[in-house]
Structure formats: C-alpha cells, structure tokens
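Novice: Build the 3D model from these lines:
(one chain, ligands or ions: 2)
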Amino acid sequence: MKSKNLIEIKNLEFYWNNQDEFKIQINDFSIQTNEKKLILGKSGIGKSTFLNLICGMISPRAGDVYVLSQNLSSFKAWELDKFRSENIGVIFQEFNLLDHLSPLNNILLPCYFTNKDLNRFKDRAFLFGKKLNLNNDLLNKSNSKDLSVGQKQRIAIIRSIINKPKIILADEPTSSLDFDNKNSFLDLLFDICNAEKISLLMVSHDLNLKNKFKDVIAFESFFRP
Ligand SMILES: Nc1ncnc2c1ncn2[C@@H]1O[C@H](COP(=O)(O)OP(=O)(O)OP(=O)(O)O)[C@@H](O)[C@H]1O
Ligand SMILES: [Mg+2]
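Specialist: Residues are numbered from 1 along each chain as shown. Ligands and ions are numbered 1, 2, ... in the order given. The predicted model follows:
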C-alpha cells in the first residue's frame, strides 16, 4: 500500500499472552510528515506497548503497521533493525543511557545497525553537542554515569536524531523533570524537529503537556475496543 502518511495503522489488534483484560484495538491511525502528536493516557493503558508496535519491537496479532509505506511485517528481523535505526528515533522514559559507555557512544548506538560510515555520525554528534552546550570533552568522557539530568536529556535527544530519522517516538520523556526543565526540554525537542523536519509522536500521562501540542489524542477514546 502506498500512502502519503509517515505512519499508518490499519485494523490493528494486540494483546499479551498472559493478560486477559488488556487489549489494544486501533482501526485507523496515521501521522503525516512534520506532524507533532501527543497521546495522553493513564498508566498501564498501553502507551509504551503502542510505541513498541509502531517501531516493530512487537508484532500485532492482526492488522498492519506501515512506516513510510512499508508494512513492518514484510521485514526480516535484521532488515527491521536497520529500517528502524535509519527512520525512527526513540527517546525513552528515563532516557535509557548505558552508564558504562561514553556519552558519544551512547549517541552512536543506533548507528551500529546501519552500514554507513560512523565518522559522519560522529561529526553530527559533535555538531549537535555544540549546539546544545555539550562540549567534545563531555561527549568523550569515559562513561555516562555522572551526567546531570539535563545533560542526559540532551544526549537522549541527540541520540534520537543522530540518524536523521523521519520521526521521533518519545515515551514520557519529561516524567522525571520539574516544570522549568520540562518546558525547556520540549522547546529544545520542537526546535530540532522543526529544523530537521522530523515528525514527533509523544505519549504521556501528563495533562500539563496538552497546551504544548496542537494535536492531542486521548488514548482511551481511540485505542480501545
Ligand atoms: N512484556 C510484557 N508482557 C506482558 N504484559 C505486558 C508487557 N509489557 C506490558 N504489559 C502489560 O500491558 C499493559 C500496558 O502496559 P504499557 O507499559 O504499554 O502501559 P503504559 O500506558 O505505557 O503505562 P505507563 O504510563 O505506566 O508507562 C499493562 O497491563 C502491562 O502489564
Ligand atoms: Mg509506558
């Protein structure tokens, strides 16, 4: 199926083997180029599961997920790893940096799935580091365990865009931040998405994020049978 949508979901059903009451059903959902969407829903409703379906970490029981008009079910596992790392940036709740790697190597993690020259990505990492006030010495530190929360945020943003993805999936990236940090994190993320023409899909339970997005969806109303 060819489509102008960046992401398109059709007649999707998903449930876990060991969970009777939990089920996601999405008949029709799409995200277009340059869109920024926020999906709000309470804890346990299925937000992270939904993002994992979009990036192909888990497969639907029925229905289809298309990213850039490609049906994720048509990929072999290694093709999916490559496709994901080239097209989808992910920002995890708590940022998920590996402490024992340098900040630079944390940023470069998604690049190991592509067969492009790593040096190009290093230049991009240092360039964005400079833009976001993280100098080369900091990026080259031997590990990432002593970074401040603000530094971790910015490393996580750079990691999500290092491969020039078409879309960023952000899973409650602001949940551990206070009001001011939350605002500056979102402003930074929006600026980069605008400058790099990257779409954004964020999921959260935080109603305060509502007025930052034009496009807000309640998980309950759209994703449940
Ligand atoms: N790997 C798994 N195996 C089985 N059940 C799971 C698994 N991961 C999540 N679940 C279940 O799926 C449901 C949705 O979980 P999910 O993590 O998607 O919710 P969420 O909306 O992201 O919650 P939160 O806001 O707390 O992060 C929950 O009932 C959870 O117990
Ligand atoms: Mg979650």
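
Novice: Where does the prediction get shaky in the protein?
Specialist: Residues of the chain that meet the criterion pLDDT under 70 lie in 1-3, 222-225.

Novice: Without its sequence neighbours, what residue ends up closest to the residue of the chain found nearest ligand 2?
Specialist: Using C-beta to the ion, the closest approach of the chain to ligand 2 is made by S48 at 3.2 Å. C-beta here means a position set from N, CA and C on the backbone, and glycine is covered the same way. Using C-beta to C-beta, 6 or more residues apart in numbering and skipping the chain neighbours, the partner closest in space to S48 is D171 (5.6 Å).

Novice: circling back: near ligand 1, anything from the helix or strand harbouring the residue of the chain closest to ligand 2?
Specialist: Counting by DSSP states H and E, the element that carries S48 is helix 47-54. Yes. Counting by C-beta under 6 Å from any ligand atom, ligand 1 is contacted by helix 47-54 at 47-49.

Novice: Okay, and the beta partners of V203?
Specialist: I39, D171 (DSSP bridges).

Novice: Please report the distance of it from ligand 1.
Specialist: Taking C-beta to the nearest ligand atom, to the nearest Å as the measure, V203 falls 7 Å from ligand 1.

Novice: Near ligand 2, which residues of this structure? Just list them.
Specialist: For the chain, the contact set with ligand 2 under C-beta under 5 Å from the ion comprises 47-48.

Novice: Now do the SS call for E13.
Specialist: strand (DSSP: H, G, I helix; E, B strand; the rest coil).

Novice: Please verify my assumption that it contacts K23.
Specialist: Yes. With contact defined as C-beta atoms under 8 Å, E13 counts as touching K23 (7.0 Å).

Novice: The longest helix along the chain - contacts with which helices or strands?
Specialist: Using DSSP state H, we find that the single longest helix of the chain is helix 179-196. For helix 179-196, the packing partners by 3 or more C-beta pairs under 8 Å, 6 or more residues apart in numbering; DSSP states H and E come out as helix 149-161, strand 167-171, strand 199-204.

Novice: Run through who's touching the last one.
Specialist: Put plainly, it is strand 199-204. 6-7, 31-41, 47-48, 50-51, 54, 166-175, 189-190, 193, 209, 213, 219 (C-beta atoms under 8 Å, 6 or more residues apart in numbering).

Novice: What parts of the protein come near ligand 1?
Specialist: Counting by C-beta under 6 Å from any ligand atom, the chain sits next to ligand 1 at 16, 18-19, 22, 41, 43-49, 205.

Novice: For those, work out which two are farthest apart.
Specialist: N18 and H205 (23.5 Å; C-beta to C-beta).

Novice: between those two, who's got more neighbours?
Specialist: Neighbour tally, N18 and H205, criterion other C-beta atoms under 10 Å: the higher count belongs to H205, 15 against 6.

Novice: Where does V90 sit: helix, strand or coil?
Specialist: strand.

Novice: Look up the closest residue to it, ignoring the ones flanking it.
Specialist: L169 (5.2 Å).

Novice: same deal with F50?
Specialist: Using C-beta to C-beta, 6+ apart, the nearest residue to F50 is I24, at 6.3 Å.

Novice: List the contacts of the one you found.
Specialist: 12-15, 46, 49-50, 53, 223-224.

Novice: Please check these and keep the buried ones.
Specialist: By neighbour count, with 16 or more other C-beta atoms under 10 Å, these hold 12, 14-15, 46, 49-50, 53, 223 as buried.

Novice: Could you give the number of residues near the residue of the chain closest to ligand 2?
Specialist: 16.
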